[in-house]
Structures are given as structure tokens and as C-alpha cells.
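> Pasted the sequence and its predicted model underneath.
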Amino acid sequence: MVEYKKLLSKNLKFMRTFACLAAVFIALTGTFVSMTTGINEDISDLIPGSQIGIFIGLQIAMLIYIRKYSKALKTEDGLKTLYIEEHDERTKLIYDKTGVSGFRLSLAVITIATIIAGFFNQIIFLTLLAVLFFMLMVSIFLNLYYKNKF
């Protein structure tokens, strides 16, 4: 449990750093909205809004996990419950069946590429946003399917 507690503390520091960086990015995107290339005026507002929305969503997820991990680190019972939850064999089987590790890496890379593409090209941004949305829908479907199956 000592090693798991160290791992949670390390993850907590990473999440807090990411949440701060996300807040900085939200502020910078709001400030530098005019940097997006504007071919179509209707879409030019969509790009910074999507970028800010992605980071707000990620920030909310980080804040939820920060709260969960902080609460678990306060008591030994909470730490034990979280350890059991994260090392559950059923959950590991579902993750293996859905290919979660590679899928999460792909989602992260496509999310970063989508945000960066928003500053340079609207067509690439929209394409990557559609791919990101499709991958999220596939991930949700696979998780629901395998949770009901097992």
C-alpha cells in the first residue's frame, strides 16, 4: 500500500499541474482568438469554442480525479477501496477487451492535434474533431457493451 500511496501522490501532482496548464490555455485561447485563420466566419467562432470546451472538459475530469484521489489518501480505508476498485479483475478484462491503453493514447494524440490544427487550418480541425467524436462514441459503446456482457 505504501507504493500505491506514492503512485497516487505522484498522479495527484501531475493532475494538479495539468489542471493549472489547462486554465492557462483557456485564458490564452480566450485572449488570442484572433489567431485562427478565418476563411468561413461561421466556423471561426467554433474553433476557439471547441478548444476551450475540450480543455474545460479535461479540467473538470482532472478536478474529479483530484478530489477522488485526495479523499482516498486521507484514510487507509479510502486508499484500500480505491486500490480494489482500480485493480478489479473484471475492470481489467473490460479494459483488455476494449484496448483501453492504446485507445487512450490515440485519443490524447488526436485531441492535441485537433487543438493545434485549430490555429492553422479549419478543414483539418473539423476533420480531427469528427475523428475525435467518433472515437469517443466507439469507446463509450465498447465500454457499455463489455460491462453488460461480463
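Structure received.
> Skipping its backbone neighbours, what lies nearest the residue nearest the centre of the chain in space?
Using CA atoms, centre = their mean, the residue of the chain that lies closest to the mean C-alpha position is Leu58, 4.7 Å off. Nearest non-adjacent residue to Leu58, counting by CB to CB, 6 or more residues apart in numbering: Ala22, 5.8 Å away. No exception for glycine: its C-beta is placed from N, CA and C like everyone else's.
> Let me know the secondary structure of the one you found.
Secondary structure of Ala22, reduced to three states by DSSP: H, G, I helix; E, B strand; the rest coil: helix.
> count of neighbours near it?
Neighbours of Ala22 under the rule other CB atoms under 10 Å: 21.
> One more: Ile123?
Quick note: Ile123 (other CB under 10 Å) scores 11 neighbours.
> before we move on, which element is it in?
If you go by DSSP states H and E, Ile123 is part of helix 122-149.
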